[in-house]
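1. the sequence and its predicted three-dimensional model are supplied below.
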Amino acid sequence: MARKLLLLFGFLNLGFLYGQDCGQPTFTSFTNITETSVTVNWDNPDSRPDFNLSIQPIFYWDTTNSFAIDNGATSYTINGLYPGTTYYATVIVDGCAPPYQTANSPVESFTTLALPVSCDIPDQCLYTFRLGESFGDGWNGNWMSVVQNGQPVAILDWQNASGPSCCYRTQQVPLCDSQPFELYWAISGKFPHEISISVVNPMGQTIYDKPFDTGSQGTTLFTGNADCNGLATVLSIAKQWQISPNPASDVVLINAPNTQLIDSVGLFNLLGKQLLNKSINAAEASIDVSGLAKGIYLLEIVSGSTTEMSKIIVD
């Protein structure tokens, strides 16, 4: 009889230790957020001795990838995060009743700080990265990083990009003029054959394209120098044309050299979007810039078989 009572007490004791109801932990704050680290704080309603803490990038959410927190701690600092990236987090308690059940905190999110671009705004321009997927279910945890001067300046993934659910999205990244950058494909995610990527410079020219079923994870896909003028490969700078005033706030006047005629003029923003296309067929032209936001624009002058390009400033 005593042996039966002792055995029964042992089962009850194990149930108390490992099968009790668990109060749901909740996050209290995310503190000390930097480009690559964060301190996570949560409560412990049942004075539990240990937890599992799961923190994953928003583009690769998987609660099974977690690490143990013991000694009843309710705060933990994580390092080695990606800059400028949104993360999901949850705290998991094991051993709840009924046996082998878990209690999870509500999923919360935080975003690490972005690395500052290592140049002044006038020396920056936006490059467009066009993300593609062929199956209709996103990038499945695949992601890429844009690195300039040895520092990651952006993470490319389906959630951070803008656009429809299928099948192409875009993400814009500020880069420093005349400085090298590279596009690296991380070893992460499933179905890599279903994704594509292309790089478009500020003039709207595609300077790199990775079609579906090509390339490999864990490799550098592209290396080049950022060109914020967008003129280096196919266009020449229109130094011989008289363009005034520059900067301008109302009207820009253009005069052709010698006896040339201006066939047409066009105006583009630094993303390569055409804002104006005007037929001229004269030696002089004028364009109204009074309705444009302050900034840098590219003026296209077509004369015969020649296309010239010049940078103008609207102030």
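-> On my side now, so go ahead.
2. ignoring the adjacent residues along the chain, who's closest to C166?
-> Closest residue in space to C166, ignoring its immediate chain neighbours: G136 at 4.5 Å, by CB to CB, 6 or more residues apart in numbering. Backbone N, C-alpha and C define where each C-beta goes, glycine included.
3. backbone phi and psi for that neighbour, please?
-> With angles defined as degrees, to the nearest 10, G136 sits at phi 100, psi 10.
4. likewise S105?
-> phi -70, psi 160.
5. and it, what's its pLDDT?
-> Listed pLDDT for S105 reads 76.
6. next, please give the residue ranges for the strands of the stretch 201-315 of the chain.
-> For the stretch 201-315 of the chain, applying DSSP state E, counting those that start in this stretch gives strands covering 206-210, 219-225, 236-237, 242-244, 251-255, 262-268, 274-282, 284-288, 295-303, 306-314.
7. for those strands, give me CSV that also has distance to G72, mean neighbour count and mean pLDDT.
-> Shown next, in CSV, are these (distance: least, CB to CB, whole Å; neighbours: other CB atoms under 10 Å; pLDDT from 0 to 100):
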stretch, distance to G72, mean neighbour count, mean pLDDT
strand 206-210, 49, 15, 89
strand 219-225, 44, 14, 92
strand 236-237, 67, 13, 39
strand 242-244, 70, 13, 86
strand 251-255, 69, 17, 91
strand 262-268, 60, 19, 87
strand 274-282, 61, 13, 87
strand 284-288, 69, 16, 92
strand 295-303, 55, 19, 82
strand 306-314, 61, 18, 77
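8. would TSV of those strands with distance to W185 be doable?
-> Formatted as TSV, the strands of the stretch 201-315 of the chain follow (distance: least, CB to CB, whole Å):
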stretch	distance to W185
strand 206-210	8
strand 219-225	6
strand 236-237	35
strand 242-244	42
strand 251-255	43
strand 262-268	30
strand 274-282	32
strand 284-288	42
strand 295-303	31
strand 306-314	33
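9. among those strands, which is nearest S145?
-> Minimum separation from S145 across these (CB to CB) falls at strand 219-225, 10.0 Å.
10. would you mind putting the CA coordinates of that closest one into CSV?
-> C-alpha atoms of strand 219-225 as CSV (Å, rounded to 0.1, in the frame of the first residue of the first chain):
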residue,chain,number,x,y,z
THR,A,219,27.3,33.7,-54.0
THR,A,220,27.9,37.3,-55.0
LEU,A,221,25.6,37.8,-58.0
PHE,A,222,26.8,41.2,-59.1
THR,A,223,29.6,43.7,-58.5
GLY,A,224,29.8,47.2,-59.9
ASN,A,225,30.2,50.9,-59.2
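11. just give me how far it sits from the chain centre.
-> 17 Å (CA atoms, centre = their mean, to the nearest Å).
12. okay, now the sheet partners of that strand, with direction.
-> The pairing partners recorded for strand 219-225 under DSSP bridges are strand 180-185 (antiparallel).
13. next, the buried residues of whichever helix or strand comes after the strand it pairs with.
-> Next in sequence after strand 180-185, counting helices and strands by DSSP states H and E, comes strand 195-200. By neighbour count with 16 or more other CB atoms under 10 Å, strand 195-200 contains the buried residues I195, S196, I197, S198, V199, V200.
14. who's the third one bridged to?
-> Assessed by DSSP bridges, I197 has beta-bridge partners L131, K210.
15. these two touch, right, it and E133?
-> No - contact between I197 and E133 fails when scored by CB atoms under 8 Å: they sit 10.2 Å apart.
16. export stretch 68-86 to CSV, keeping only CA atoms.
-> Listed in CSV are the C-alpha atoms of stretch 68-86, where the atom choice follows Å, rounded to 0.1, in the frame of the first residue of the first chain:
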residue,chain,number,x,y,z
ALA,A,68,16.9,28.3,-24.5
ILE,A,69,16.8,30.9,-21.8
ASP,A,70,17.2,29.4,-18.3
ASN,A,71,17.6,30.6,-14.6
GLY,A,72,14.3,32.3,-14.8
ALA,A,73,15.7,35.2,-16.8
THR,A,74,13.2,37.6,-18.4
SER,A,75,15.6,39.6,-20.5
TYR,A,76,18.1,38.7,-23.2
THR,A,77,20.3,40.6,-25.6
ILE,A,78,20.7,39.2,-29.2
ASN,A,79,23.6,40.2,-31.4
GLY,A,80,24.4,39.5,-35.1
LEU,A,81,21.1,40.8,-36.5
TYR,A,82,20.6,42.3,-39.9
PRO,A,83,20.5,46.1,-40.1
GLY,A,84,17.2,47.8,-41.2
THR,A,85,15.3,44.6,-40.9
THR,A,86,11.9,43.8,-39.2
